[in-house]
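*Asks:* could you work out the structure for the sequence below:
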Amino acid sequence: MTEFRGAFTALVTPMTESGEVDYEGFRRLVQFQIAEGIDGIVPMGTTGENPTLDENEEDKLIEIAVKEAAGKIKVIVGAGSNDTKNMIKYTERAKRMGADAALVVTPYYNKPNNDGLLRHFEAAANVGIPIIVYNIASRTGINIPTAVMKEIAKSPNIAGVKESSGDINQMGDVIREIAIPRKKNGGSFFVLSGDDSFTLPLISMGGDGIISVVSNLLPAKVKALTKAALEGRYEEARAIHYELIPLIKAAFIETNPVPIKKALSWAGLPAGPARLPLGKLAPASEEVLRKALLGMGIIK
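*Replies:* Next up is the predicted model:
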């Protein structure tokens, strides 16, 4: 199984002011991430506004990401859907176009029972590409219980989970009950935080890294935090964690990716507006975000 350990960026999809995808801007963002030493990128996830992209746009974004990555970093492509048939199609596309893995979210809106969850992810695993399960109840309306995750993890090609449950105890259970026993038996199950604020605590419990939002702006800093923690240099990791906390809080002051796209624009990186139904950042939220960026010296 390919290793998915370290710092990965949940990449934004830059747009023009007229609402078109900025493909050259996207290429610049991928190049920026590579130059800053990130371990991998995750295009077309929640942060990439996947629900608003059409298939032609998605095809072009995957093509650019894979071509620019060129084996230097991992590419984990968002391939989720609340329709299992479409999820399979998107996962097959990720495999065909050369992605290292597919990120498959818990089916949203449908709220499947445990049998449905298990069969959905078994179908993803059967495509034959490593699958990162994306557990994010706040977006999907359903959490994957650890007992069900243990069953899902038995399927071949289930490489790990992006844990965005917001429950540090559940994250610990997944590590203790799935990842640690798997590693003891010579296998692997990678547990990645989906929340920037949990990067350090997750790794300290035995987790493997982060799929980060703030690394859109500060990839080298997030990589440094993750690397220090994974190597057991917790004093260094803790210092970076506390340095990043004001930005992390500001980046989630409103629905992601609205704040981080505004921050990228202020920092001179391609981002543009979010597509509807996501709206503009409120003036009060802009002030909080600006203060965080000023405090870190990102803008002047």
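
*Asks:* what about the longest helix that the chain contains, distance to the chain center?
*Replies:* In the chain, taking DSSP state H as the definition, the longest helix is helix 234-251. Here helix 234-251 is found 18 Å from its chain centre; the criterion is C-alpha atoms, centre = their mean, to the nearest Å.

*Asks:* likewise for stretch 170-179?
*Replies:* On the basis of C-alpha atoms, centre = their mean, stretch 170-179 sits 19 Å off its chain's mean C-alpha point.

*Asks:* again, but for stretch 281-293
*Replies:* On C-alpha atoms, centre = their mean, the centre of stretch 281-293 falls 23 Å from the chain's centre.

*Asks:* ok, back up a step: list the contacts of the longest helix of the chain.
*Replies:* 196-197, 199-200, 203-204, 213-214, 217-218, 221-222, 224-225, 228-229, 259-260, 263, 288-289, 291-293, 295-296, 298 (C-beta atoms under 8 Å, 6 or more residues apart in numbering). Glycine gets a C-beta too; all of them are placed from N, C-alpha and C.

*Asks:* can you give me the buried ones in that helix?
*Replies:* 237, 240-241, 244, 246-248, 250-251 (16 or more other C-beta atoms under 10 Å).

*Asks:* what's the answer for stretch 167-185, then?
*Replies:* For stretch 167-185, by 16+ other C-beta under 10 Å, it's 168, 170-175, 178-179, 182.

*Asks:* nearest to residue 108, of those?
*Replies:* The closest of the buried residues of stretch 167-185 to residue 108 turns out to be residue 170 (C-beta to C-beta; 18.8 Å).

*Asks:* what's the neighbour count on residue 232?
*Replies:* Residues lying near residue 232 (other C-beta atoms under 10 Å) number 10.

*Asks:* for residue 106, same thing?
*Replies:* Residues within reach of residue 106, counting by other C-beta under 10 Å, total 24.

*Asks:* name the nearest residue to it, sequence neighbours excluded.
*Replies:* Using C-beta to C-beta, 6 or more residues apart in numbering and skipping residues adjacent in sequence, the residue nearest residue 106 is residue 140, 4.5 Å away.

*Asks:* tell me the contacts of the one you found?
*Replies:* So residue 140 contacts 105-109 (C-beta under 8 Å, 6+ apart).

*Asks:* give me phi/psi at it?
*Replies:* phi -110, psi -20 (degrees, to the nearest 10).

*Asks:* how much space separates it from residue 187?
*Replies:* 27 Å (C-beta to C-beta, to the nearest Å).

*Asks:* quick check: end-to-end length of stretch 105-112?
*Replies:* 12 Å (C-alpha to C-alpha, to the nearest Å).
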